[in-house]
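> Below: sequence and its predicted model.
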Number of protein chains: 2
Amino acid sequence: MKGGAAAIVIGDEILSGKIRDSNGPLLVDVLRSVGAPLKRILTVSDDLEEIGWAVRSCLGRFQPIFTSGGIGPTHDDVTVAGVAAALGRKVVRHPELEALVRKHFGDALPEEGLRLANVPEGAILVRSPRSWYPVISVDEIYLLPGVPELFRMHVEGIAERYRGNPFHLRCVYVSEGEPAIAKILDRIAREHPDIALGSYPRIDDADHRVKLTLEAQVAEPVERALVALLRELPPGSVIRVE
Amino acid sequence: MKGGAAAIVIGDEILSGKIRDSNGPLLVDVLRSVGAPLKRILTVSDDLEEIGWAVRSCLGRFQPIFTSGGIGPTHDDVTVAGVAAALGRKVVRHPELEALVRKHFGDALPEEGLRLANVPEGAILVRSPRSWYPVISVDEIYLLPGVPELFRMHVEGIAERYRGNPFHLRCVYVSEGEPAIAKILDRIAREHPDIALGSYPRIDDADHRVKLTLEAQVAEPVERALVALLRELPPGSVIRVE
């Protein structure tokens, strides 16, 4: 995993509120569960240039890249072309994929249906036992279908390839507001650069005003930072530690 | 509105699955309701460079730009600095905002609390009757707080500034699959470039296999494309029109 994973969610229907995206949140959860950090989610329209821009912006920085949506035979399915353009590759027909498409649809398949067999040059197929249509993959970019049931069929198997150390997370619930503890958090963050320290204020009637999170993919530095944090926080301000 | 709106959702907690983002979806709905097209949502980490990159990628192309999160006095609140860097501006103390912060927190305010009064140079304040803390705005970029209750307090009032024509949407539910109608959709999309034509397949047991959407911010071209589409679709394939 180079710099962590990135996701590109493609679809006018999401940006216009016709459909609430569930694939992005599912990918977040799946990557989390396998210990693979996710660094960006770019949600863009069904537009060749936007998709190309999104892919290029992640290339060389983030790996793997997951796309969701824009796979299909209609005019608004431009993900294959967008990824190919970002990589400077041609769109070509994939013989094995063509055979799968022909087998699935049979003789009644119109010419346009064969667009389902187009891939960026050099792409490989990632098969799943749960779906006849594989995921097209090129240079660690995975072109997942946008239909939630199909996305779900493929995403876990692919995420498994990027399994890393489990995340080790500790949470501290504090009764003081952020201004009162900001200086302490500055120091903890500076002295423990190997962990991610988060601070989340609440304004509802929860029993705490700030939730602090300490996290890394190794336990020891998290526990060390937790000890340091608990030593520094104002007496009586810690409501609980999880 | 230049090229439509863009949103930048900032927060490690979202990318790591600790919190499911609700501000992005709310912004989608609010912009939709006021007739303001949303073109991109970029979800990035609490990182100065990532935020700067996200803002720069939208500048000059999309307007307004809404950011969500990373506003506050702690080490992980770097949205003001990220936006300032993207604009090539300094971070400065805003006197009016400083007065508001001092009034709210009183004499007990530690020095770090005054970070809440830092803004990109040239920023203005957008007040809301519902919150003591205003939204910082610079060059049509609105820095909204990530706490959902606070985001909600501000977003509608700001979106109202960008009110446009209501979206006119028609939906056609079809019993044929996408391969069979792709050629027709190609032609309709080509001959009606002033509308957005979407095609959404389903694989569950719904009564239709494809939902087609026709949309624009003027009714007449949508109705014209709808007539053309219904004339071309295979006889008996239209289950209903909404």
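Yes, it's here. None of these values were measured; they are calculated from a predicted model.

> A helix includes A:Glu112, no?
Yes. Looking at A:Glu112 with DSSP: H, G, I helix; E, B strand; the rest coil, it is inside a helix.

> mind giving me the domain split of chain A?
A:5-160, A:168-241 (automatic domain parsing).

> Give me whichever of the ones you listed is most buried.
Mean neighbour count (mean count of other Cβ atoms under 10 Å in any protein chain shown) peaks for domain A:5-160 among the domains of chain A, with a mean of 20. C-beta here means a position set from N, CA and C on the backbone, and glycine is covered the same way.

> hmm, who's touching stretch A:65-72?
A:5-11, A:14, A:21, A:23-24, A:27, A:46, A:51, A:55, A:58-59, A:76-80, A:82-83, A:115-116, A:136, A:140-146, A:151, A:155, A:158, B:178, B:199, B:201 (Cβ atoms under 8 Å, 6 or more residues apart in numbering or on different chains).

> Under the pLDDT cut-off, which ranges of chain A? List them.
Along chain A, the parts satisfying pLDDT under 70 run over A:1-2.

> on that earlier part again, next step: the contacts of stretch A:65-72 restricted to helices.
A:14, A:23-24, A:27, A:51, A:55, A:58, A:79-80, A:82-83, A:151, A:155, A:158, B:178 (DSSP state H).

> Which of those sits closest to A:Val210?
Nearest to A:Val210 among those is A:Gly24, at 27.0 Å by Cβ to Cβ.

> how close does that closest one get to chain B?
According to Cβ to the nearest Cβ, to the nearest Å, A:Gly24 stands 8 Å off from chain B.

> for A:Ala84, same thing?
To chain B, A:Ala84 is 19 Å away according to Cβ to the nearest Cβ.

> Same question for A:Gly177.
8 Å.

> Would you enumerate the residues in contact with that residue?
Contact analysis of A:Gly177 by Cβ under 8 Å, 6+ apart lists A:Pro201, A:Arg209, A:Val210.

> tell me the phi and psi of the last one?
I take that to be A:Val210. With angles defined as degrees, to the nearest 10, A:Val210 sits at phi -140, psi 140.

> who does it bridge with?
Beta-bridge partners for A:Val210, by DSSP bridges, are A:Val174, A:Pro201.

> State whether it and A:Ile203 are indeed in contact, as I suppose.
No. Assessed by Cβ atoms under 8 Å, A:Val210 is found out of contact with A:Ile203, at 10.7 Å.

> As a check, name the ranges of all strands in chain A.
Listed in chain order, the strands of chain A (DSSP state E) span A:5-10, A:38-44, A:65-68, A:91-93, A:118-120, A:124-128, A:131-138, A:141-144, A:168-174, A:196-201, A:210-216, A:238-241.

> does any bit of the second one sit next to chain B?
Going back to what we said before, that points to strand A:38-44. Yes. Judged by Cβ under 8 Å from any Cβ of the partner chain, strand A:38-44 comes into contact with chain B through A:Leu38, A:Lys39, A:Arg40, A:Ile41, A:Leu42, A:Thr43, A:Val44.

> helices and strands around that strand, which ones?
If you count contacts as 3 or more Cβ pairs under 8 Å, 6 or more residues apart in numbering or on different chains; DSSP states H and E, strand A:38-44 packs onto strand A:5-10, helix A:12-15, helix A:23-33, helix A:48-58, helix B:12-15, strand B:38-44.

> Then the fifth one?
Under the contact criterion of 3+ Cβ pairs under 8 Å, 6+ apart, strand A:118-120 touches helix A:79-87, strand A:91-93, strand A:131-138.

> Run me through the strand neighbours of it, direction for each.
The pairing partners recorded for strand A:118-120 under DSSP bridges are strand A:91-93 (antiparallel).

> Please apply the same query to the third one.
Using DSSP bridges, the strands paired with strand A:65-68 are strand A:5-10 (parallel), strand A:141-144 (parallel).

> Any chance of TSV for the ones you listed, columns distance to B:Ile124?
Shown next, in TSV, are the strands paired with strand A:65-68 (distance: least, Cβ to Cβ, whole Å):
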stretch	distance to B:Ile124
strand A:5-10	32
strand A:141-144	41
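
> among these, which is nearest A:Asn165?
strand A:5-10 (14.8 Å).

> How about residues contacting that closest one?
Strand A:5-10 is contacted from outside by A:21, A:23-24, A:27, A:31, A:36-46, A:51, A:54-55, A:58, A:61-70, A:79, A:82, A:146, A:162, using Cβ under 8 Å, 6+ apart.

> one more time with 6 Å
A:21, A:24, A:27, A:31, A:36, A:38-44, A:51, A:54, A:58, A:62, A:64-70, A:79 (Cβ atoms under 6 Å, 6 or more residues apart in numbering or on different chains).

> which residues pair with the spatially closest residue to A:Val9 that is not a sequence neighbour across the strands?
Nearest non-adjacent residue to A:Val9, counting by Cβ to Cβ, 6 or more residues apart in numbering or on different chains: A:Thr43, 4.4 Å away. Beta-bridge pairing of A:Thr43 under DSSP bridges involves A:Val9, B:Ile41.

> Pretty sure B:Ile41 is one of the things A:Thr43 touches, is it not?
Yes. Counting by Cβ atoms under 6 Å, A:Thr43 does reach B:Ile41; the two are 4.0 Å apart.

> List, one by one, the residues from chain A near chain B.
Within chain A, the residues that sit near chain B (Cβ under 6 Å from any Cβ of the partner chain) are A:12-13, A:15, A:17, A:20, A:25, A:28-29, A:32, A:38, A:40-44, A:72-76, A:109-110, A:112-113, A:147, A:149, A:178-179, A:182-183, A:185-186, A:189, A:198-199, A:203.

> just to revisit the earlier point, columns distance to B:Gln217 on top of the residues of strand A:38-44 next to chain B, output as TSV?
What follows is those, written out as TSV (distance: Cβ to Cβ, whole Å):
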residue	distance to B:Gln217
A:Leu38	34
A:Lys39	35
A:Arg40	30
A:Ile41	27
A:Leu42	25
A:Thr43	21
A:Val44	20
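
> ok, those vs B:Val126, which is closest?
Nearest to B:Val126 among those, with distances taken as Cβ to Cβ, is A:Thr43, at 24.8 Å.

> Alright, that wraps it up for me.
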